[in-house]
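1. here is a sequence together with a model predicted from it:
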Amino acid sequence: MFGSFITMLTGIRILKNMNKSLLGIIKYEKPIDKGIEIAGYDYDSVQDIFYSNMNAWQRNMGYSRLYDEASAPFGMIVDCEPIYFKYNNRIWLIELWKGQYDLNTGCEVGVYTAEKPILNLPEVYKYMFYNCASDEDRLTISLSLKKNGKTLFALDDKHWWLAGFKLGEYSEPSELVMYLNITLKDEEMCSSFVEAIKKIGYEENKEFIVNGNTVGLTFDKPHTTQPITRTEQTDKIIQMKNKLLCDKYNDITRVYSNLTDKINAIQKQAPEIYSEIVDKAVLRKYLRSMKNTETE
């Protein structure tokens with residue numbers, strides 16, 4: 001864990017120079033699109049969202065609980081729901097997130113695996129380092145994110161990390177509900193996953209249903225303990241900052257109809273917001289796939 005923490009801090013220092021590094025993308029025909037790609041995302045112009053792409057090198061990295069603890073201090077007020085279970089002689093983690101990611105409202109589903117620890121106790125699982133799911137371990141996932149009953153966006157893919165973010169949308173995590181379907185590999189895996197969600201408090205036929213090896217789950221209020229960095233007072237302060245950023249972004253971009261014009265306007269009129277957009281997009285991707293330096 002300490003090695004991962006040092007790696008994260010190094011990455012944050014690198015992010016301070018991210019805008020300078022991205023200047024090289026102007027040689028491309030579509031520099032905004034290329035910048036999004038470099039940051040690890042694609043853009044859906046129909047839904048007006050950024051979504052995670054399938055960078056193979058990212059899946060050679062991994063995940064640590066430190067991401068959840070670090071999110072709030074970096075402006076991301078997000079509900080998280082880690083679900084640990086055993087399958088095929090390994091520990092699996094399927095984690096759900098929804099909330100305000102700085103200037104974005106979004107949600108995520110991540111799939112991770114780890115070898116069984118020597119001390120094979122459920123209490124140990126959250127302190128372990130997990131590998132991002134390999135190609136063979138990706139799961140078919142569909143999700144829709146609703147805010148106060150209105151659908152913001154929907155995604156459907158076989159993935160290791162299915163995630164979407166709506167730039168300029170401000171939300172409280174309590175306003176958001178994520179509806180998802182996850183197709184597990186077989187009956188054994190499905191049963192183990194169902195047992196895990198029941199154990200943390202989900203009620204069958206109320207918060208989840210099972211259809212074959214597919215589980216339909218409603219993520220509204222998290223059942224698991226939230227990160228210690230999430231407190232009522234700090235959430236309020238950080239969300240005030242997030243709302244101000246979103247309001248300023250929308251004030252500047254409301255006269256434009258496409259992403260390129262919006263980003264160009266932000267870069268010229270509010271470079272501090274442009275920096276937030278770029279740095280936090282890369283930060284999300286980086287923290288979601290931190291390298292396990294302790295195994296090197």
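-> Yep, it's here. Only a predicted model underlies this, so the values are computations on that prediction, with no experimental measurement involved.

2. which stretches of the chain have low pLDDT?
-> Low-confidence segments of the chain (pLDDT under 70): 1-39, 56-61, 118-119, 281-296.

3. mind running it again at 90?
-> Applying pLDDT under 90 to the chain picks out residues 1-42, 52-67, 70, 74, 116-129, 134, 258-260, 263-264, 267, 271-296.

4. I'd like to know how far the residue nearest the centre of the chain sits from residue 78.
-> Among the residues of the chain, the one closest to the centroid is residue 108, at 4.1 Å (Cα atoms, centre = their mean). Residue 108 is 8 Å from residue 78, where distance means Cβ to Cβ, to the nearest Å. (C-beta placed from N, C-alpha, C; glycine too.)

5. mutual contacts of those two, please.
-> Common neighbours of residue 108 and residue 78 (criterion: Cβ atoms under 8 Å, 6 or more residues apart in numbering): 97, 98.

6. how about the strands in the stretch 51-200 of the chain?
-> For the stretch 51-200 of the chain, the strands defined by DSSP state E, counting those that start in this stretch cover 62-63, 76-87, 90-101, 104-115, 130-132, 139-147, 150-159, 161-167, 176-183.

7. beyond the helix ranked longest in the chain, next helix or strand please.
-> Criterion DSSP state H: the longest helix present in the chain is helix 232-253. Helices and strands here follow DSSP states H and E; after helix 232-253, the next one along the chain is helix 259-269.

8. which residues touch that following helix?
-> Counting by Cβ under 8 Å, 6+ apart, 30, 32, 43, 45, 48, 249, 252, 253, 256, 273, 274, 277 sit against helix 259-269.

9. the same query, at a cut-off of 6 Å, please.
-> With Cβ atoms under 6 Å, 6 or more residues apart in numbering as the test, helix 259-269 has contacts from 32, 252, 253, 256, 273, 274.

10. what's the answer for stretch 70-89, then?
-> For stretch 70-89, the surrounding residues in contact (Cβ under 6 Å, 6+ apart) are 68, 92-102, 125, 173, 189, 192-193, 196-197, 219, 222, 224, 229-230, 235, 238-239.

11. can you get me a residue count around the residue nearest to the residue nearest to the centre of the chain when sequence neighbours are not counted?
-> Counting by Cβ to Cβ, 6 or more residues apart in numbering, residue 108 lies nearest to residue 163, which is 3.8 Å off, once chain neighbours are set aside. Per other Cβ atoms under 10 Å, the neighbour tally for residue 163 reads 24.

12. just checking, residue 163 touches residue 53?
-> No. Assessed by Cβ atoms under 6 Å, residue 163 is found out of contact with residue 53, at 9.9 Å.

13. mind checking how far the longest helix of the chain is from the chain centre?
-> Centroid separation between helix 232-253 and its chain, computed with Cα atoms, centre = their mean, to the nearest Å, is 19 Å.

14. and that helix, what does it pack onto?
-> strand 76-87, helix 259-269 (3 or more Cβ pairs under 6 Å, 6 or more residues apart in numbering; DSSP states H and E).

15. mind listing what's buried in the shortest one?
-> The reference is to helix 259-269. 259, 262, 263, 264, 265, 266, 267 (16 or more other Cβ atoms under 10 Å).

16. which of the contacts of helix 259-269 are buried?
-> 32, 252, 253, 273, 274.

17. and which of the residues you listed is nearest residue 209?
-> Checking the buried ones among the contacts of helix 259-269 against residue 209 by Cβ to Cβ gives residue 253 as the nearest, at 39.9 Å.

18. which residues touch that closest one?
-> Applying Cβ under 6 Å, 6+ apart to residue 253 gives the contacts 262, 265.

19. again, only using 8 Å
-> Going by Cβ under 8 Å, 6+ apart, residue 253 touches 168, 261, 262, 265, 266.

20. now the two most distant members of these.
-> Based on Cβ to Cβ, the longest span within the contacts of residue 253 runs between 168 and 261 and measures 13.5 Å.

21. how far off centre is stretch 220-229?
-> 15 Å.

22. between the two ends of it, how far is it?
-> With Cα to Cα, to the nearest Å as the measure, stretch 220-229 spans 20 Å from end to end.

23. buried residues in that stretch?
-> Within stretch 220-229, the residues scored as buried using 16+ other Cβ under 10 Å are 222, 226, 227, 229.

24. the first one and residue 140, how far apart?
-> Going back to what we said before, that points to residue 222. Taking Cβ to Cβ, one finds residue 222 at 24 Å from residue 140.
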